[in-house]
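Asks: Take this sequence and fold it.
(chains A, B, C and D)
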Number of protein chains: 4
Amino acid sequence: MNENPSRVEAFSDGVFAIAITLLILEIRVPHGGPGGRGGPGGLWTGLLALWPSYIAFLMSFFVILIEWVNHHELLRMVRAVNYPFLFANGFVLLTVTFLPFPTAVLAANLATPDAGAAVAFYCATFVVNALVWNLLFATIVRGRLLRAEVSEATVGNIRRTYYVAMSIYVLAAGLAFVQPALGLLLNASLWIVFIRLGYRSQSSSAQR
Amino acid sequence: MNENPSRVEAFSDGVFAIAITLLILEIRVPHGGPGGRGGPGGLWTGLLALWPSYIAFLMSFFVILIEWVNHHELLRMVRAVNYPFLFANGFVLLTVTFLPFPTAVLAANLATPDAGAAVAFYCATFVVNALVWNLLFATIVRGRLLRAEVSEATVGNIRRTYYVAMSIYVLAAGLAFVQPALGLLLNASLWIVFIRLGYRSQSSSAQR
Amino acid sequence: MNENPSRVEAFSDGVFAIAITLLILEIRVPHGGPGGRGGPGGLWTGLLALWPSYIAFLMSFFVILIEWVNHHELLRMVRAVNYPFLFANGFVLLTVTFLPFPTAVLAANLATPDAGAAVAFYCATFVVNALVWNLLFATIVRGRLLRAEVSEATVGNIRRTYYVAMSIYVLAAGLAFVQPALGLLLNASLWIVFIRLGYRSQSSSAQR
Amino acid sequence: MNENPSRVEAFSDGVFAIAITLLILEIRVPHGGPGGRGGPGGLWTGLLALWPSYIAFLMSFFVILIEWVNHHELLRMVRAVNYPFLFANGFVLLTVTFLPFPTAVLAANLATPDAGAAVAFYCATFVVNALVWNLLFATIVRGRLLRAEVSEATVGNIRRTYYVAMSIYVLAAGLAFVQPALGLLLNASLWIVFIRLGYRSQSSSAQR
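Replies: Take a look at the predicted model:
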């Protein structure tokens, strides 16, 4: 079964789109019901106190957006999909659908003494995420699913970036125990790596 | 990378469709469980007391619907997408996925002394929303992604509408502190502007 | 703007698919957390006590499924969409996305003295739903968006069915105050009408 | 009405994608709000205590993924869809959208004395699921919707696999009352059967 990747794209796009939109459900409205408990002005205080939720929401939103863009770029380099690809891709989607949970854990604990553990757990999710991206790419290469135009250099480049990313996520998870804020920053610094990865892979495919 | 916008459309459609459908989850059922606490007739009272939720739901539903239509119209004027476009579009989707939160804040506080703050927060979301639409359009123009048929006049028109919209949203946010209901009405008045914007952009593209 | 209906289909399909899948979130798990409060066997009692939720879930699932099939059939009779169509279609989607709320109200009150009010509210939603389907069809006819092959007889047929449906929903809502169970049954009886409508509209389009 | 299955695919993909993504909403964050109640280190204990939720999440994720792959494979063997197909497919989607509920029941009760009942309920859902897959396949065969290349042997093979699956699910549900963990394992063992079914159906379709 070597078939066109279009239906896999559609399913994956659906999962990415839903995961990115569900993130907002984790931000709970201050003053649960009508007739709220605070005086006038109490709402602003309540909205400000949600800063950990906003940080967690924004971080996960951008990570999922970047992963979608990279998924998009990766599938443009692929000429066909096979059966192992469907399951390797499923593992990537598994870590994406899981993301709202560590995001909620982060939001609930960033302003508490458990911040270190929450950031470490958040970063650990990305270690697994980087692992399964690696697995997906290995499945693509082993199954000879890449287009003929994709050079050995591009393949090496992408592989190296995945290894670097995984190492940085491990570092960020470790750092989180000592300095939660720095661990989170290190985690976010990978956005730049991944955005640049996307640039690179498209510039190589532009040679077609 | 100048490619066909179809997969971006699919992903964006997914996000719009999910955000518009999640709004209903913010309306909580009166009488939480089976064996509800009111006597017969109590349900109607409970359903009527949810009027702030209905208003918030309807307002956000129509705004997302109009934004989807306009996104649709805008992408019909675009011949290709590039890398910056993907991220500018991501910012628009960010404000769309965020919308269920200010909607819930509005619903929870419209009948309380915090109504002004809630409406101001709701309108402030649209100031940011108008900003990122502006950013998306600027990205399209700068990247020369518009179809050749789109005239300078149309471009100027759309840009002017975005600026007017942003100013009105700022005004509505300010007005909300004094007169919440009027602020909300001013916010809703922009629907007409945007619906007419859509008409205009399509009439110009009908000249193709 | 007379364009191909494919992107409207994609967006509508998304909304139908999400609304139908969100219904399950309204069924709450008996025994909230780990270490649940009942003895062994308590879970079966809890699961059985959720019968109003199962009824509400099944009814709304089938209604949305049937509406999706009919939307599907209707759009096959349409050769193009215009601007008013986009908004009339938006009204149909509004009532579809709203449906999880009356469904939850029904589930929470079917076993209480408020059952009558809950069924009446549920049926009233479908009165509005039938109204906006009518509006959508009127928009299609007025905008001359139907394919040439669609006969006057088919148009009359569909219109008549919508009026009958609306009347039956009004009857069901009224009956609900006296006999909730019968009101619900009358509501469900319309599935047969709509399934047959679908058959008819496709048999007429089969003459192409 | 014998038409191309592409819009049914799109709607089904949407439902599969949403159901698989909603599963995560059932995992509740330990320490509900900011300022959580445990000391440092309390978060890890809380995260570990959620092991029944992780098991339930992973099991249902993979089942839905496998069902999506098989739906995908099945529709590749189909040349057209008819009206009964739309409703038989709807029944399959019904059991897929229902899945987050037994998953949540499983997660909430796996570590309680009600584990047996929860596993039995979970497995019973799959008995119904296997039944409606059977119904869908019967509808396809009876409506002569299969491509000409699909051999009698393949049809017999698929049918036999469905019957075996249904029997094993019944067994697993029964076993669950005595040994919940074994019942769950037996349930999971069917993944292998279904993954192999997919392989088989595609190898036969590769002869085209």
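Asks: Chain A against chain C: which residues are in contact?
Replies: residue A:18 (Cβ under 8 Å from any Cβ of the partner chain). Placement of C-beta: from N, CA and C, glycine included.
Asks: go again using 6 Å as the cut-off
Replies: By Cβ under 6 Å from any Cβ of the partner chain, no part of chain A sits against chain C.
Asks: Please tell me how far the residue of chain A found nearest chain D sits from residue D:168.
Replies: Here chain A gets closest to chain D at one residue, residue A:14, 3.2 Å apart by Cβ to the nearest Cβ. Separation of residue A:14 from residue D:168 (Cβ to Cβ, to the nearest Å) stands at 30 Å.
Asks: Give me the more crowded residue out of these two.
Replies: Higher neighbour count among residue A:14 and residue D:168: residue A:14, with 28 against 20, using other Cβ atoms under 10 Å in any protein chain shown.
Asks: quick one, what contacts that one?
Replies: B:14, D:14, D:17 (Cβ atoms under 6 Å, 6 or more residues apart in numbering or on different chains).
Asks: In which helix or strand does it reside?
Replies: helix A:6-22 (DSSP states H and E).
Asks: What residues sit buried inside that helix?
Replies: Residues of helix A:6-22 classed as buried: A:7-22 (neighbour count, 16 or more other Cβ atoms under 10 Å in any protein chain shown).
Asks: so which pair among the residues you listed is furthest apart in space?
Replies: Across these, no pair lies farther apart than A:7 and A:22, at 22.7 Å, counting by Cβ to Cβ.
Asks: what about residue A:192, how many residues close to it?
Replies: By other Cβ under 10 Å, neighbour count at residue A:192 equals 10.
Asks: Quick check: mean pLDDT of the helix or strand hosting it?
Replies: Taking DSSP H and E as the definition, residue A:192 sits inside helix A:180-205. Averaging pLDDT along helix A:180-205 yields 72.
Asks: Repeat that for stretch A:101-117.
Replies: 94.
Asks: So what's the residue count around residue A:43?
Replies: 26.
Asks: do residue A:26 as well
Replies: With other Cβ under 10 Å as criterion, residue A:26 counts 21.
Asks: Tell me how far the nearest residue to it once chain neighbours are set aside lies from residue D:24.
Replies: Spatially, and ignoring its direct neighbours in sequence, residue A:26 is nearest to residue A:104 (4.3 Å; Cβ to Cβ, 6 or more residues apart in numbering or on different chains). Distance of residue A:104 to residue D:24, computed by Cβ to Cβ: 9 Å.
Asks: Ok, residue A:72 next?
Replies: In terms of Cβ to Cβ, residue A:72 sits 23 Å off from residue D:24.
Asks: Have a look at the two and say which one is more surrounded.
Replies: Of the pair residue A:72 and residue D:24, residue D:24 is the one with more neighbours under other Cβ under 10 Å, namely 23 against 20.
Asks: would the more buried one count as being in a helix?
Replies: Yes. Note on residue D:24: a helix contains this position according to DSSP: H, G, I helix; E, B strand; the rest coil.
Asks: And the helices in chain A?
Replies: A:6-22, A:42-48, A:51-76, A:83-98, A:100-109, A:115-142, A:152-178, A:180-205 (DSSP state H).
Asks: Near residue A:58, how many other residues are there?
Replies: Residue A:58: 14 neighbours (other Cβ under 10 Å).
Asks: Residue A:177 now?
Replies: 12.
Asks: try residue A:163
Replies: Count around residue A:163 with other Cβ under 10 Å applied: 11.
Asks: shouldn't the residue nearest to residue A:26 be in contact with residue D:29?
Replies: Yes. Applying Cβ atoms under 6 Å as the test, residue A:104 and residue D:29 come out as touching, 4.5 Å apart.
Asks: what residues do these two have in common as contacts?
Replies: What both residue A:104 and residue D:29 touch, as defined by Cβ under 6 Å, 6+ apart, is an empty set.
Asks: The two: who's more crowded?
Replies: residue A:104 (25 against 22).
Asks: Would you mind measuring from the more buried one to residue A:67?
Replies: Counting by Cβ to Cβ, the gap from residue A:104 to residue A:67 is 18 Å.
Asks: one step back: which of the helices of chain A is buried the deepest?
Replies: Among the helices of chain A, helix A:100-109 has the highest mean neighbour count (mean count of other Cβ atoms under 10 Å in any protein chain shown), at a mean of 26.
Asks: got the CA positions of that one in PDB?
Replies: Extracted in PDB, the C-alpha atoms of helix A:100-109 (Å, rounded to 0.1, in the frame of the first residue of the first chain):
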ATOM      1  CA  PRO A 100      -3.700  19.900  26.600                       C
ATOM      2  CA  PHE A 101      -3.100  17.900  29.800                       C
ATOM      3  CA  PRO A 102       0.500  19.000  30.600                       C
ATOM      4  CA  THR A 103      -0.600  22.500  29.600                       C
ATOM      5  CA  ALA A 104      -3.300  22.400  32.200                       C
ATOM      6  CA  VAL A 105      -0.900  21.000  34.800                       C
ATOM      7  CA  LEU A 106       1.500  23.800  34.000                       C
ATOM      8  CA  ALA A 107      -1.300  26.500  34.300                       C
ATOM      9  CA  ALA A 108      -2.500  25.100  37.600                       C
ATOM     10  CA  ASN A 109       1.000  24.900  39.200                       C
END
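Asks: For it, name the packing helices and strands.
Replies: helix A:51-76, helix A:115-142 (3 or more Cβ pairs under 6 Å, 6 or more residues apart in numbering or on different chains; DSSP states H and E).
Asks: Next, the angle helix D:6-22 makes with it.
Replies: 40 degrees (axes from the mean of the first three to the mean of the last three Cα atoms, to 10 degrees).
Asks: Specify the angle between helix A:100-109 and helix A:51-76 in degrees.
Replies: Using the same axes, to 10 degrees, helix A:100-109 lies at 160 degrees relative to helix A:51-76.
Asks: Provide the contact partners of helix A:100-109 at residue level.
Replies: Contacts of helix A:100-109 (Cβ under 6 Å, 6+ apart): A:22-23, A:26, A:52-53, A:56, A:60, A:115, A:118, A:121-122, A:125, D:24, D:27, D:29, D:31, D:43.
Asks: Report the separation between residue A:173 and residue A:160.
Replies: For residue A:173 relative to residue A:160 (Cβ to Cβ), the value is 21 Å.
Asks: Equivalent analysis for residue A:148, please.
Replies: Counting by Cβ to Cβ, the gap from residue A:148 to residue A:160 is 22 Å.
Asks: same check, this time on residue A:24
Replies: 35 Å.
Asks: what's near enough to touch residue A:175?
Replies: Counted by Cβ under 6 Å, 6+ apart, residue A:175 has contacts A:182-183, A:186.
Asks: before we move on, back to that, distance to residue C:89 added to the helices and strands packed on helix A:100-109, as TSV?
Replies: Shown next, in TSV, are the helices and strands packed on helix A:100-109 (distance: least, Cβ to Cβ, whole Å):
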stretch	distance to residue C:89
helix A:51-76	27
helix A:115-142	37
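Asks: For chain B, which of those is the nearest?
Replies: helix A:51-76 (4.5 Å).
Asks: returning to what we had before: could you export the helix holding residue A:14 as CSV, CA atoms only?
Replies: The C-alpha coordinates for helix A:6-22 follow below in CSV (Å, rounded to 0.1, in the frame of the first residue of the first chain):
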residue,chain,number,x,y,z
SER,A,6,-4.0,13.4,1.2
ARG,A,7,-6.4,11.6,3.6
VAL,A,8,-3.6,11.3,6.3
GLU,A,9,-3.1,15.0,5.9
ALA,A,10,-6.8,15.7,6.4
PHE,A,11,-7.0,13.5,9.5
SER,A,12,-3.8,15.0,11.0
ASP,A,13,-5.0,18.5,10.2
GLY,A,14,-8.2,17.8,12.1
VAL,A,15,-6.3,16.5,15.1
PHE,A,16,-3.9,19.5,15.1
ALA,A,17,-6.8,22.0,14.7
ILE,A,18,-8.9,20.4,17.5
ALA,A,19,-5.9,20.1,19.9
ILE,A,20,-5.0,23.7,19.4
THR,A,21,-8.6,24.9,19.9
LEU,A,22,-9.2,22.8,23.0
